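K.L.:
3D model of this:
(chains A and B)
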There are 2 protein chains.
Amino acid sequence: MPPLQNDIFLKALLKQPISRTPVWMMRQAGRYLPEYRQLREQAGSFMNLCKNPDLACEVTLQPLRRFAFDAAILFSDILTIPDAMGLGLYFTEGEGPKFQRPVKTSADIDRLPVPDPEVELRYVMDAVRLIRKNLQGSVPLIGFSGSPWTLAAYMVEGGGSKSFQTVKGLMYGQPKLMHSLLDKLARAVAAYLNAQIAAGAQAVMLFDTWGGLLTTEDYQKFSLYYARQLRSLLVSEVDGRRIPSIWFTKGGGLWLESMADAGFDALGLDWQTDLAMARARVGHKVALQGNMDPAVLYAPPEVITEKVEEVLRKYGQGSGHVFNLGHGILPDINPEHVKAMVDAIHRCALSYPQ
Amino acid sequence: MPPLQNDIFLKALLKQPISRTPVWMMRQAGRYLPEYRQLREQAGSFMNLCKNPDLACEVTLQPLRRFAFDAAILFSDILTIPDAMGLGLYFTEGEGPKFQRPVKTSADIDRLPVPDPEVELRYVMDAVRLIRKNLQGSVPLIGFSGSPWTLAAYMVEGGGSKSFQTVKGLMYGQPKLMHSLLDKLARAVAAYLNAQIAAGAQAVMLFDTWGGLLTTEDYQKFSLYYARQLRSLLVSEVDGRRIPSIWFTKGGGLWLESMADAGFDALGLDWQTDLAMARARVGHKVALQGNMDPAVLYAPPEVITEKVEEVLRKYGQGSGHVFNLGHGILPDINPEHVKAMVDAIHRCALSYPQ
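P.N.:
Residues are numbered from 1 along each chain as shown, chains lettered A, B, ... in the order given. As a prediction, the model looks like this:
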């Protein structure tokens, strides 16, 4: 493997000195890019793109050809594990992910296998290897998974939901069953991320998309507890290099202190959370990633520039910040506006010497 | 008017001594009740129920016949004001509220009239008068409206949305236009609530359903600023009696201090916000209303009892707490479970002497 040319993303996550704030974007490989939409149409479905390593690699690289991002992120879905467990993941237009065979009973949970990542999820590992090769050391590659709670929420609910009443009914009515599912998922996610690391991922991120729907106490018991457990199972170093890990709970701004104690190197922040406040509260423990409102990218370029500067100013001087949106980029954003954002970061970073 | 027999709801909002914690439920008049569904079917549509004072009165009273709630809440919608402004409110099955004529341009905003509540919203005032009469002083009546920001979000977006990109595009791209809309709405909401108070509402609540989608700074500028403005226009006393006001931002747990400074007597809390933490931070300034996870009501009665006790314990001793859910009751809840919740509050309250 050629040596890594741009490591400011990895360094920022470890709070090592850097020359400017690194930037990447959640869902940077996605529908806002015409070249993505074209490939997606040819492939026939989103999962066909994910399951074909050549296509997944191509899609991963597309945004890097347009924008000076400081990291690539594996093109895949957060729900590959339950799919590999046999639940039958599929997507319906405008309704998001669904499972053909949701988990309903104690027997369903007992029956779930912990997938062997190099067997049932081989297509992901092949994509990771191919992307690493094709990146040629330009920028690091991020691997990822859904968090145990978020996987469980989709698996029990059978898909997305406004109030996730089925999984909450299980959680409140049969907490032991819920815990046995989460315990299995924590092990499966750890094995999956370790395999991505072995295949070449240089950092990993956990998406706890639905942790923010829990009460403060249930968040500790049903989401963060298993985050900690899986973190303790993660490989931390490869060939003497630290593999930084990022934990992102959408809607988790109330729980910064406990998230910062869960063992991850960095926290992803949604746009509601004030970055200056977050740094003041947990910046001595973890790096922070985020958090411009994705809707800012609808505004004209001069407004985007202003909002980028605001985010950078909020974090302030010193390493430990990775610029990102507070959630995935929205599908109807003009790519020119992404360019305005990236340019602004490159420009502004100069006025914030590290 | 006969004198009020049960005033513990009003007293709790003003932190006056009470014998037990009062309870009511957001959406207590609603789809989980078979008698509501029957009337809704006869009426043909949700808006027909709202616009017919006799039916709105009947629906308001239905839950009080079943459960020992300590307050009634006017049966209406949060979007009556934009409807009266001529936007054409309608509801589609499973998709929530929509407007036939969303607000798009500066001219649209200039053209919007501030409705006269006793003319264009007469049906609401008639319902308030009829409900007050029919309550016969048993419990107080709560009037309500959507917050200026929440009304604006629906008005610009044309309906509900996952990311409210249209209104955010306007907010970021043309903030002055957004402010002129919000200014008009703050005046319209104040006039509307004052008319409800004149017609007989004994407390008022503002629903800021979408304030939680804003960044910390935009929340201050685009939601809370107008909350303060409308609060300053609200009638505070009628015949020497204080009319308590409640401010509820769903997803607002990060901003408790500034919400507590906006001039309202109480804050509604969603279930993610820890009630003990909220009391410690702002309990000296405001009363608190909430905040059991609505999904707890899917659990068996013994679990419901346990969770009710947890919420009461979290607030602790002393007046200043109104028990409620952290959001509206979900439509498929078994009414027997609501009874279990109310019974538990009445029982538990005895072990927390005020």
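
K.L.:
Would you agree A:Met26 is in contact with A:Leu330?
P.N.:
No: contact status for A:Met26 versus A:Leu330: not in contact, 10.8 Å apart, counting by CB atoms under 8 Å. Backbone N, C-alpha and C define where each C-beta goes, glycine included.

K.L.:
tell me the average confidence for stretch A:9-20?
P.N.:
Mean pLDDT, taken over the full extent of stretch A:9-20, equals 96.

K.L.:
buried stuff in it?
P.N.:
Residues of stretch A:9-20 classed as buried: A:Phe9, A:Leu10, A:Lys11, A:Ala12, A:Leu13, A:Leu14, A:Lys15, A:Ile18, A:Arg20 (neighbour count, 16 or more other CB atoms under 10 Å in any protein chain shown).

K.L.:
got the CA coordinates for it in PDB?
P.N.:
Extracted in PDB, the C-alpha atoms of stretch A:9-20 (Å, rounded to 0.1, in the frame of the first residue of the first chain):
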ATOM      1  CA  PHE A   9      -8.600  13.700   9.200                       C
ATOM      2  CA  LEU A  10      -7.000  10.900  11.300                       C
ATOM      3  CA  LYS A  11      -4.800  13.400  13.100                       C
ATOM      4  CA  ALA A  12      -7.800  15.700  13.900                       C
ATOM      5  CA  LEU A  13      -9.700  12.700  15.400                       C
ATOM      6  CA  LEU A  14      -6.700  12.100  17.700                       C
ATOM      7  CA  LYS A  15      -6.200  15.800  18.400                       C
ATOM      8  CA  GLN A  16      -2.700  15.800  16.900                       C
ATOM      9  CA  PRO A  17      -1.400  19.000  15.300                       C
ATOM     10  CA  ILE A  18      -2.800  19.700  11.800                       C
ATOM     11  CA  SER A  19      -2.500  22.600   9.300                       C
ATOM     12  CA  ARG A  20      -6.200  23.100   8.700                       C
END
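
K.L.:
coming back round to it: can you redo the buried residues of stretch A:9-20 as CSV with secondary structure and distance to chain B?
P.N.:
Listed next are the buried residues of stretch A:9-20 as CSV, based on DSSP: H, G, I helix; E, B strand; the rest coil; distance: CB to the nearest CB, whole Å:
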residue, secondary structure, distance to chain B
A:Phe9, helix, 24
A:Leu10, helix, 28
A:Lys11, helix, 27
A:Ala12, helix, 22
A:Leu13, helix, 23
A:Leu14, coil, 27
A:Lys15, coil, 24
A:Ile18, coil, 25
A:Arg20, coil, 23
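
K.L.:
what's the farthest-apart pair in the residues you listed?
P.N.:
Comparing all pairs in the buried residues of stretch A:9-20 by CB to CB, the longest separation belongs to A:Leu14 and A:Arg20, at 15.9 Å.

K.L.:
Quick check: residues of the stretch 51-200 of chain A near chain B?
P.N.:
Along the stretch 51-200 of chain A, the residues adjacent to chain B under the rule CB under 8 Å from any CB of the partner chain are A:Ser163, A:Phe164, A:Gln165, A:Lys168, A:Gly169, A:Tyr172, A:Gly173.

K.L.:
Just flag the most distant two among these.
P.N.:
Taking CB to CB, the two most distant members of these are A:Ser163 and A:Gly173; they sit 15.3 Å apart.

K.L.:
who touches the helix or strand containing A:Ser258?
P.N.:
In the assignment (DSSP states H and E), A:Ser258 maps to helix A:256-260. Helix A:256-260 is touched from outside by A:Gln220, A:Leu224, A:Trp247, A:Thr249, A:Gly252, A:Leu267, A:Thr273, A:Ala278, A:Arg281, A:Val282, A:Lys285, A:Val286, with contacts defined as CB atoms under 8 Å, 6 or more residues apart in numbering or on different chains.

K.L.:
Just the ones of these in helices?
P.N.:
Secondary structure of the contacts of helix A:256-260 is defined by DSSP state H; positions in helices are A:Ala278, A:Arg281, A:Val282.

K.L.:
residues contacting the second one?
P.N.:
With contacts defined as CB under 8 Å, 6+ apart, A:Arg281 is in contact with A:Leu256, A:Glu257, A:Ala260.

K.L.:
Now for the first one, how many residues are close by?
P.N.:
Read it as A:Leu256. Neighbourhood size, A:Leu256 [other CB atoms under 10 Å in any protein chain shown]: 24.

K.L.:
what's the answer for the second one, then?
P.N.:
A count of nearby residues for A:Glu257, using other CB under 10 Å, gives 10.

K.L.:
That one and A:Gly283, how far apart?
P.N.:
12 Å (CB to CB, to the nearest Å).

K.L.:
same thing with the first one?
P.N.:
A:Leu256 sits at a distance of 10 Å from A:Gly283 (criterion: CB to CB).

K.L.:
what about the longest helix in chain A?
P.N.:
Counting residues, the longest helix in chain A under DSSP H turns out to be helix A:175-199.

K.L.:
so how far is that one off the chain centroid?
P.N.:
Here helix A:175-199 shows a centroid-to-chain-centroid distance of 16 Å under the convention CA atoms, centre = their mean, to the nearest Å.

K.L.:
ok, now stretch A:153-165?
P.N.:
Averaging C-alpha positions (CA atoms, centre = their mean) puts stretch A:153-165 19 Å from its chain's average.

K.L.:
Parallel or antiparallel, list what pairs with the helix or strand of chain A with the lowest mean pLDDT.
P.N.:
Ranked by mean pLDDT, DSSP states H and E, the weakest helix or strand in chain A is strand A:89-92, scoring a mean of 90. Paired with strand A:89-92 in the same sheet, following DSSP bridges, are strand A:96-99 (antiparallel).

K.L.:
Please point out which parts of the strand it pairs with sit buried.
P.N.:
Taking 16+ other CB under 10 Å as the neighbour-count basis, strand A:96-99 is seen to contain the buried residues A:Pro97, A:Lys98, A:Phe99.

K.L.:
and what of stretch A:295-312?
P.N.:
Burial within stretch A:295-312, assessed by neighbour count using 16+ other CB under 10 Å, is assigned to A:295-299, A:301, A:303-305, A:307-309, A:311-312.

K.L.:
Also stretch A:110-128?
P.N.:
For stretch A:110-128, a neighbour-count test (16+ other CB under 10 Å) marks A:112, A:114-115, A:117, A:120-128 as buried.

K.L.:
where do the strands sit along the stretch 151-300 of chain A?
P.N.:
Remark: strands of the stretch 151-300 of chain A, listed N- to C-terminal, are A:203-208, A:237-238, A:241-242, A:245-249, A:266-268, A:287-292; assignment by DSSP state E, counting those that start in this stretch.

K.L.:
Between those, which one is closest to chain B.
P.N.:
Between chain B and the strands of the stretch 151-300 of chain A, the shortest separation by CB to the nearest CB is 8.3 Å, and it involves strand A:287-292.
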